[in-house]
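dropping a prediction and its sequence here:
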Amino acid sequence: MDKIGFIGLGIMGRPMAKNLLKAGKALVVYDVVDSAVNELVSAGAERGASPAAVTGATSLVITMLPNSPHVREVVCRKDGILSAVRPGQIVVDMSSIAPLVSRELCGLLEAKGAEMLDAPVSGGQEKAEKGTLAIMVGGKEEIYGKVKDILDLMGKSNYVAGIGAGQIAKLVNQTLVGINIAAVAEGMSLAQKAGVEPEKVFNAIRGGLAGSQCLEDKAPRMFEGRYAPGFRINLHIKDLGNVQETGRALHLSMPLVAQVMEMMQNLAADGHEMLDHGALGLFYEKLNSISLKKSSL
């Protein structure tokens with residue numbers, strides 16, 4: 001494959017693009033933040049003046065942007081992807097957005113003869129840096145086959161189903177992750193309030209059915225008060241908003257999502273929106289007047 005375009009060089013996009021460069025891929029990059037572009041140019045990428053310029057210079061365009069409106073703007077604005085896309089060109093949106101928006105944008109691109117995949121990721125900044133993200137792909141399976149090797153330079157990709165299915169998988173992922181982290185914090189709060197060291201409870205249960213990646217990753221953060229992201233609360237709020245929007249469209253009751261959203265909004269209101277979502281531990285500390293940190297009994 002020829003040059004790859006990469007649009008969106010934020011907390012996730014920057015390390016993902018760097019992993020493509022490390023693998024020897026030629027990149028043309030664009031972001032509204034000049035310093036992010038400069039960093040990638042210093043690492044060997046070519047600067048793109050606009051989304052259209054990136055699209056015109058590449059055969060594959062990857063977008064990694066905050067939310068649905070940002071992706072729609074990059075695709076549809078005057079100097080956006082649609083203005084320069086060519087028949088047969090592939091656009092892979094790795095942002096986490098609403099599935100209906102993925103389907104809408106795919107229709108616009110297909111009308112120009114281009115192809116689109118939605119391929120949101122899970123794993124946060126740490127796994128983006130390591131190139132070990134989980135990548136959930138929706139779209140035509142034969143198009144996925146053409147870009148799988150590229151995606152797998154940034155993590156492990158899995159094909160789900162047609163366009164939008166990758167986003168649905170991501171919404172399920174974020175539902176389970178948010179609820180799981182809240183359950184970890186609630187359970188450890190019970191141990192602390194009962195006078196049993198939460199870290200000892202963690203070690204006792206981690207090998208059983210309660211064991212999970214969320215328990216392994218987030219409980220130690222709670223014990224250490226270590227809440228640097230990671231995956232930020234404000235981004236998880238955005239994802240849960242997309243979960244709720246999709247659930248409402250499907251007339252689906254999701255009470256646990258609503259509760260976790262309320263907790264995260266409470267943390268954001270207290271100024272914690274930029275912390276790791278493991279900071280749900282702070283919500284329970286405040287609620288129960290306890291501390292989950294080591295040696296706090």
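The structure has been received and is ready for your questions.

now the phi/psi pair for Arg86, please.
When quoted as degrees, to the nearest 10, the phi and psi of Arg86 stand at phi -120, psi 150.

so how far is Ala52 from it?
12 Å (CB to CB, to the nearest Å). In short, each C-beta sits where N, CA and C put it, glycine included.

more neighbours, those two?
With neighbours defined as other CB atoms under 10 Å, Arg86 and Ala52 compare such that Ala52 has more, 20 against 11.

any idea how far Leu256 is from the more buried one?
Shown here: Ala52 relative to Leu256, a distance of 43 Å by CB to CB.

what about the stretch 151-297 of the chain, any weak spots by pLDDT?
Regions of the stretch 151-297 of the chain meeting the criterion pLDDT under 70 cover residues 295-297.

now Val146. Nearest residue, chain neighbours left out?
Slight slip there: residue 146 is Lys, not Val. Ile90 (6.7 Å; CB to CB, 6 or more residues apart in numbering).

hmm, the one you found is touching Thr63, no?
No - using CB atoms under 8 Å as the test, Ile90 is too far from Thr63 to be in contact (11.7 Å).

now the biggest helix by length in the chain: buried residues?
Looking across the chain with DSSP state H, the single longest helix is helix 165-193. Using 16 or more other CB atoms under 10 Å as the test for burial, helix 165-193 gives 165-171, 173-175, 177-189, 191-192.

picking up where we left off before, and the residue nearest to Lys146, what are its phi and psi?
Summarising the backbone geometry of Ile90 under the convention degrees, to the nearest 10, its torsions are phi -120, psi 130.

quick check: beta-bridge partners of it?
Beta-bridge partners for Ile90, by DSSP bridges, are Leu60, Glu115.

residue contacts, it?
Shown here is Ile90, whose contacts under the criterion CB atoms under 8 Å, 6 or more residues apart in numbering are Ser59, Leu60, Val61, Ala114, Glu115, Met116, Leu117, Ile143, Lys146, Val147.

do His277 as well
Taking CB under 8 Å, 6+ apart as the definition of contact, the neighbours of His277 are Val177, Gly178, Ile181, Lys218, Gly230, Phe231, Arg232, Ile233, His236, Met264.

now with 6 Å?
Residues in contact with His277 (CB atoms under 6 Å, 6 or more residues apart in numbering) are Ile181, Phe231, Ile233, His236.

what packs against the next helix-or-strand element following the longest helix of the chain?
Toward the C-terminus, helix 165-193 is succeeded by helix 198-205 as the next helix or strand (DSSP states H and E). Where contact means 3 or more CB pairs under 6 Å, 6 or more residues apart in numbering; DSSP states H and E, helix 198-205 is packed against helix 165-193.

try 8 Å
helix 165-193, helix 213-224 (3 or more CB pairs under 8 Å, 6 or more residues apart in numbering; DSSP states H and E).
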